[in-house]
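Asks: From the sequence below, what's the structure:
(2 chains)
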Amino acid sequence: MLSFIVLAELLDGTRGQVRGSEFFNAMMDHFGNDAVDVIEGQWETINPIWGTNLKAFNTIFVTTNVTEEAAATRVPTGIYATRRGYSNVTIVQALPPGKRGSYTEVLVEFRK
Amino acid sequence: MQTDPLLVLELRSLFKAGATPSALIRVIAERHSGEPAIDYIVRLYFREAFLIPMLQIGKEVVEHIAQGGEAAVLNSRVVHRMVAARSEWDKPTALNEPTCWLDSVTATDESAILRTVESQNAAEPPAWWGSLDDEGRRFVSRTVANAQSLYERVQVLAALAEQLQQKIHAAEVAHSQTE
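Replies: Down below sits the predicted model:
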(Lines give C-alpha, C1' and ligand atoms only; values in the text may rest on other atoms or scores of the structure.)
Protein backbone atom coordinates (compact mmCIF):
# COMPACT_ATOMS: atom_id res chain seq x y z
CA MET A 1 0.00 0.00 0.00
CA LEU A 2 1.27 3.44 -0.91
CA SER A 3 -0.19 6.42 0.94
CA PHE A 4 0.31 10.03 0.06
CA ILE A 5 -1.22 13.45 0.53
CA VAL A 6 -1.08 16.31 -1.94
CA LEU A 7 -1.25 19.64 -0.11
CA ALA A 8 -2.66 22.28 -2.40
CA GLU A 9 -2.46 25.16 0.02
CA LEU A 10 -0.64 25.93 3.26
CA LEU A 11 -2.17 27.62 6.29
CA ASP A 12 -0.79 30.99 5.23
CA GLY A 13 -2.48 30.69 1.84
CA THR A 14 0.69 29.81 -0.07
CA ARG A 15 -0.05 27.56 -3.04
CA GLY A 16 2.53 25.36 -4.71
CA GLN A 17 3.43 25.68 -8.35
CA VAL A 18 2.84 21.98 -9.04
CA ARG A 19 -0.81 21.05 -9.44
CA GLY A 20 -2.42 18.10 -7.67
CA SER A 21 -3.10 16.40 -10.99
CA GLU A 22 0.58 16.67 -11.87
CA PHE A 23 1.57 15.01 -8.58
CA PHE A 24 -1.02 12.29 -9.16
CA ASN A 25 0.00 11.60 -12.75
CA ALA A 26 3.69 11.60 -11.89
CA MET A 27 3.06 8.99 -9.20
CA MET A 28 0.94 6.83 -11.51
CA ASP A 29 3.49 7.11 -14.31
CA HIS A 30 6.20 6.06 -11.90
CA PHE A 31 4.43 2.91 -10.70
CA GLY A 32 2.38 2.21 -13.82
CA ASN A 33 -1.32 1.34 -13.99
CA ASP A 34 -0.57 -2.39 -13.90
CA ALA A 35 0.97 -2.08 -10.45
CA VAL A 36 -1.97 -0.20 -8.96
CA ASP A 37 -5.12 -2.23 -8.29
CA VAL A 38 -7.05 0.24 -6.19
CA ILE A 39 -6.91 3.95 -5.58
CA GLU A 40 -8.39 4.65 -2.18
CA GLY A 41 -9.62 8.01 -1.08
CA GLN A 42 -9.97 8.68 2.63
CA TRP A 43 -11.65 12.02 3.04
CA GLU A 44 -12.16 13.22 6.59
CA THR A 45 -12.54 16.32 8.73
CA ILE A 46 -9.74 15.48 11.16
CA ASN A 47 -7.56 18.11 9.54
CA PRO A 48 -9.67 21.00 8.22
CA ILE A 49 -7.01 22.17 5.77
CA TRP A 50 -6.92 18.78 4.09
CA GLY A 51 -10.57 18.82 3.15
CA THR A 52 -10.55 19.63 -0.55
CA ASN A 53 -12.09 16.35 -1.70
CA LEU A 54 -14.60 16.11 1.15
CA LYS A 55 -15.72 19.69 0.69
CA ALA A 56 -16.19 19.17 -3.05
CA PHE A 57 -18.00 15.86 -2.43
CA ASN A 58 -20.48 17.46 -0.02
CA THR A 59 -21.03 20.51 -2.23
CA ILE A 60 -22.17 18.30 -5.12
CA PHE A 61 -25.22 17.15 -3.13
CA VAL A 62 -26.34 20.73 -2.52
CA THR A 63 -27.04 21.35 -6.19
CA THR A 64 -27.57 17.88 -7.69
CA ASN A 65 -29.22 14.57 -6.84
CA VAL A 66 -26.51 12.22 -8.05
CA THR A 67 -25.44 9.04 -6.26
CA GLU A 68 -22.45 9.04 -3.93
CA GLU A 69 -20.58 6.93 -6.47
CA ALA A 70 -21.15 9.50 -9.21
CA ALA A 71 -20.26 12.37 -6.89
CA ALA A 72 -16.96 10.69 -6.03
CA THR A 73 -15.88 10.88 -9.67
CA ARG A 74 -16.41 14.66 -9.70
CA VAL A 75 -13.96 15.62 -6.94
CA PRO A 76 -10.25 16.16 -7.66
CA THR A 77 -9.04 12.65 -6.75
CA GLY A 78 -12.03 11.07 -8.51
CA ILE A 79 -11.38 13.08 -11.66
CA TYR A 80 -7.70 12.04 -11.68
CA ALA A 81 -8.56 8.39 -11.01
CA THR A 82 -11.26 8.09 -13.66
CA ARG A 83 -9.03 9.77 -16.23
CA ARG A 84 -6.57 6.92 -15.65
CA GLY A 85 -9.32 4.32 -16.12
CA TYR A 86 -10.20 3.72 -12.45
CA SER A 87 -13.89 4.35 -13.00
CA ASN A 88 -15.38 1.46 -10.99
CA VAL A 89 -16.34 3.25 -7.78
CA THR A 90 -17.26 1.74 -4.42
CA ILE A 91 -18.29 3.97 -1.54
CA VAL A 92 -17.12 1.87 1.38
CA GLN A 93 -18.09 4.33 4.04
CA ALA A 94 -20.04 7.59 4.11
CA LEU A 95 -20.63 8.90 7.62
CA PRO A 96 -22.84 9.95 9.26
CA PRO A 97 -25.13 7.56 7.33
CA GLY A 98 -27.57 9.37 5.09
CA LYS A 99 -26.15 12.84 5.78
CA ARG A 100 -25.81 13.78 2.12
CA GLY A 101 -24.02 17.11 1.88
CA SER A 102 -22.75 16.92 5.47
CA TYR A 103 -20.52 13.86 5.43
CA THR A 104 -17.54 13.98 7.78
CA GLU A 105 -15.93 10.68 6.77
CA VAL A 106 -15.85 9.14 3.34
CA LEU A 107 -13.88 6.08 2.29
CA VAL A 108 -13.97 5.38 -1.44
CA GLU A 109 -12.28 2.88 -3.74
CA PHE A 110 -11.59 3.44 -7.43
CA ARG A 111 -10.87 0.31 -9.45
CA LYS A 112 -10.22 -0.39 -13.13
CA MET B 1 14.18 8.95 8.61
CA GLN B 2 13.86 5.63 10.39
CA THR B 3 11.71 4.93 13.41
CA ASP B 4 13.24 3.92 16.73
CA PRO B 5 12.21 0.26 17.29
CA LEU B 6 12.19 0.78 21.05
CA LEU B 7 9.82 3.71 20.79
CA VAL B 8 7.60 1.66 18.45
CA LEU B 9 7.38 -1.08 21.09
CA GLU B 10 6.75 1.49 23.80
CA LEU B 11 3.89 3.04 21.83
CA ARG B 12 2.28 -0.36 21.38
CA SER B 13 2.60 -1.10 25.11
CA LEU B 14 1.15 2.28 26.00
CA PHE B 15 -1.83 1.72 23.70
CA LYS B 16 -2.43 -1.70 25.19
CA ALA B 17 -2.37 -0.05 28.62
CA GLY B 18 -5.03 2.45 27.55
CA ALA B 19 -3.18 5.40 26.05
CA THR B 20 -5.26 7.31 23.50
CA PRO B 21 -3.86 8.49 20.15
CA SER B 22 -3.35 12.00 21.54
CA ALA B 23 -1.34 10.57 24.45
CA LEU B 24 0.79 8.59 22.00
CA ILE B 25 1.32 11.69 19.87
CA ARG B 26 2.50 13.56 22.97
CA VAL B 27 5.10 10.85 23.63
CA ILE B 28 6.37 11.00 20.04
CA ALA B 29 6.46 14.81 20.06
CA GLU B 30 8.36 14.80 23.36
CA ARG B 31 10.99 12.35 22.07
CA HIS B 32 11.39 14.31 18.85
CA SER B 33 11.14 17.78 20.32
CA GLY B 34 12.30 20.52 17.97
CA GLU B 35 11.87 18.47 14.79
CA PRO B 36 10.56 20.77 12.03
CA ALA B 37 8.51 18.00 10.35
CA ILE B 38 7.02 16.57 13.54
CA ASP B 39 3.73 15.68 11.81
CA TYR B 40 5.64 13.53 9.32
CA ILE B 41 7.40 11.76 12.20
CA VAL B 42 4.10 11.14 13.99
CA ARG B 43 2.60 9.63 10.82
CA LEU B 44 5.70 7.47 10.43
CA TYR B 45 5.36 6.05 13.95
CA PHE B 46 1.63 5.39 13.62
CA ARG B 47 2.31 3.57 10.35
CA GLU B 48 5.12 1.51 11.84
CA ALA B 49 3.53 0.82 15.23
CA PHE B 50 -0.14 0.38 14.28
CA LEU B 51 -0.24 0.07 10.47
CA ILE B 52 -2.21 3.29 10.05
CA PRO B 53 -1.37 4.13 6.42
CA MET B 54 -1.91 7.86 6.72
CA LEU B 55 -2.73 9.55 10.01
CA GLN B 56 -4.45 12.67 8.79
CA ILE B 57 -2.98 15.26 11.08
CA GLY B 58 -0.78 18.22 10.23
CA LYS B 59 1.92 20.02 12.17
CA GLU B 60 -0.44 22.47 13.82
CA VAL B 61 -2.60 19.65 15.22
CA VAL B 62 0.47 17.81 16.54
CA GLU B 63 1.70 21.00 18.22
CA HIS B 64 -1.76 21.57 19.71
CA ILE B 65 -1.76 18.05 21.16
CA ALA B 66 1.86 18.31 22.34
CA GLN B 67 0.92 21.38 24.33
CA GLY B 68 -1.81 19.43 26.13
CA GLY B 69 -4.66 20.11 23.73
CA GLU B 70 -7.35 17.49 23.11
CA ALA B 71 -8.11 15.65 19.87
CA ALA B 72 -11.16 13.52 20.65
CA VAL B 73 -11.85 12.98 16.97
CA LEU B 74 -8.80 10.71 16.81
CA ASN B 75 -10.44 8.37 19.32
CA SER B 76 -13.51 7.85 17.16
CA ARG B 77 -11.66 7.63 13.83
CA VAL B 78 -8.26 6.06 14.50
CA VAL B 79 -8.58 3.72 17.49
CA HIS B 80 -10.90 1.35 15.60
CA ARG B 81 -8.33 1.07 12.79
CA MET B 82 -5.53 0.44 15.27
CA VAL B 83 -7.58 -2.36 16.83
CA ALA B 84 -8.53 -3.77 13.41
CA ALA B 85 -4.83 -4.13 12.56
CA ARG B 86 -3.87 -5.59 15.94
CA SER B 87 -3.22 -9.09 14.63
CA GLU B 88 -0.47 -7.59 12.46
CA TRP B 89 1.31 -5.49 15.10
CA ASP B 90 0.64 -7.49 18.26
CA LYS B 91 1.45 -11.09 17.54
CA PRO B 92 1.32 -13.24 20.70
CA THR B 93 4.78 -13.93 22.10
CA ALA B 94 4.11 -15.81 25.32
CA LEU B 95 1.35 -18.13 26.47
CA ASN B 96 0.98 -16.38 29.82
CA GLU B 97 0.91 -12.88 28.42
CA PRO B 98 -1.31 -10.65 30.59
CA THR B 99 -4.68 -9.74 29.14
CA CYS B 100 -5.52 -6.17 28.19
CA TRP B 101 -8.60 -4.17 27.23
CA LEU B 102 -8.04 -4.99 23.55
CA ASP B 103 -8.75 -8.65 24.20
CA SER B 104 -12.44 -7.96 24.77
CA VAL B 105 -13.08 -6.17 21.47
CA THR B 106 -13.00 -6.91 17.78
CA ALA B 107 -12.67 -4.46 14.93
CA THR B 108 -12.96 -5.18 11.23
CA ASP B 109 -11.63 -3.32 8.23
CA GLU B 110 -14.46 -1.27 6.68
CA SER B 111 -13.97 -2.75 3.21
CA ALA B 112 -14.14 -6.28 4.62
CA ILE B 113 -17.41 -5.51 6.41
CA LEU B 114 -18.94 -4.17 3.20
CA ARG B 115 -17.80 -7.21 1.20
CA THR B 116 -19.31 -9.53 3.81
CA VAL B 117 -22.65 -7.70 3.81
CA GLU B 118 -22.76 -7.69 0.00
CA SER B 119 -22.04 -11.40 -0.23
CA GLN B 120 -24.65 -12.17 2.45
CA ASN B 121 -27.25 -10.15 0.58
CA ALA B 122 -26.36 -11.93 -2.64
CA ALA B 123 -26.45 -15.40 -1.07
CA GLU B 124 -29.56 -14.95 1.05
CA PRO B 125 -31.40 -11.88 -0.20
CA PRO B 126 -34.20 -10.44 1.94
CA ALA B 127 -37.68 -10.82 0.46
CA TRP B 128 -37.80 -7.18 -0.64
CA TRP B 129 -34.32 -7.25 -2.24
CA GLY B 130 -35.74 -7.80 -5.70
CA SER B 131 -37.74 -4.58 -5.55
CA LEU B 132 -34.55 -2.50 -5.35
CA ASP B 133 -32.43 -1.37 -8.27
CA ASP B 134 -28.62 -1.58 -8.16
CA GLU B 135 -28.33 1.87 -6.67
CA GLY B 136 -30.77 1.01 -3.89
CA ARG B 137 -28.98 -2.27 -3.16
CA ARG B 138 -25.63 -0.52 -2.93
CA PHE B 139 -27.14 2.05 -0.57
CA VAL B 140 -28.69 -0.58 1.70
CA SER B 141 -25.54 -2.71 1.78
CA ARG B 142 -23.34 0.29 2.55
CA THR B 143 -25.68 1.58 5.26
CA VAL B 144 -25.82 -1.83 6.96
CA ALA B 145 -22.03 -2.21 6.73
CA ASN B 146 -21.44 1.29 8.07
CA ALA B 147 -23.84 0.62 10.95
CA GLN B 148 -21.90 -2.54 11.82
CA SER B 149 -18.64 -0.61 11.71
CA LEU B 150 -20.06 2.12 13.96
CA TYR B 151 -21.29 -0.56 16.39
CA GLU B 152 -17.74 -1.92 16.57
CA ARG B 153 -16.44 1.58 17.23
CA VAL B 154 -18.83 1.98 20.14
CA GLN B 155 -17.68 -1.34 21.63
CA VAL B 156 -14.03 -0.36 21.24
CA LEU B 157 -14.54 3.07 22.80
CA ALA B 158 -16.59 1.56 25.63
CA ALA B 159 -13.74 -0.84 26.43
CA LEU B 160 -11.19 1.97 26.25
CA ALA B 161 -13.31 4.20 28.51
CA GLU B 162 -13.57 1.39 31.07
CA GLN B 163 -9.81 0.82 30.89
CA LEU B 164 -9.20 4.51 31.56
CA GLN B 165 -11.68 4.43 34.47
CA GLN B 166 -9.81 1.48 35.96
CA LYS B 167 -6.56 3.42 35.71
CA ILE B 168 -8.12 6.43 37.43
CA HIS B 169 -9.44 4.18 40.19
CA ALA B 170 -6.03 2.55 40.68
CA ALA B 171 -4.37 5.98 40.81
CA GLU B 172 -6.92 7.23 43.37
CA VAL B 173 -6.37 4.16 45.56
CA ALA B 174 -2.60 4.60 45.35
CA HIS B 175 -2.95 8.29 46.18
CA SER B 176 -5.20 7.64 49.19
CA GLN B 177 -2.73 5.08 50.56
CA THR B 178 0.13 7.58 50.46
CA GLU B 179 -1.81 10.22 52.41
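
Asks: Near chain B, which residues of chain A are found?
Replies: Within chain A, the positions adjacent to chain B are A:1, A:3-5, A:11, A:42, A:44-47, A:49-50, A:67, A:69, A:90-95, A:97-98, A:105, A:107, A:109 by Cβ under 8 Å from any Cβ of the partner chain. C-beta: built from backbone N, CA, C; applies to glycine.

Asks: Could you list which of the residues you listed belong to strands?
Replies: Under the assignment DSSP state E, these contribute A:Gln42, A:Glu44, A:Thr90, A:Ile91, A:Val92, A:Gln93, A:Ala94, A:Leu95, A:Glu105, A:Leu107, A:Glu109 to strands.

Asks: Turn those residues into a markdown table, columns for pLDDT and neighbour count.
Replies: Shown next, in a markdown table, are these (pLDDT from 0 to 100; neighbours: other Cβ atoms under 10 Å in any protein chain shown):
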| residue | pLDDT | neighbour count |
| --- | --- | --- |
| A:Gln42 | 92 | 21 |
| A:Glu44 | 92 | 19 |
| A:Thr90 | 97 | 20 |
| A:Ile91 | 97 | 22 |
| A:Val92 | 97 | 22 |
| A:Gln93 | 96 | 20 |
| A:Ala94 | 97 | 24 |
| A:Leu95 | 96 | 19 |
| A:Glu105 | 95 | 19 |
| A:Leu107 | 96 | 20 |
| A:Glu109 | 95 | 19 |
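
Asks: Present these as CSV; the columns should include distance to B:Val156.
Replies: Listed next are these as CSV, based on distance: Cβ to Cβ, whole Å:
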residue, distance to B:Val156
A:Gln42, 19
A:Glu44, 18
A:Thr90, 24
A:Ile91, 23
A:Val92, 18
A:Gln93, 16
A:Ala94, 20
A:Leu95, 15
A:Glu105, 16
A:Leu107, 17
A:Glu109, 23
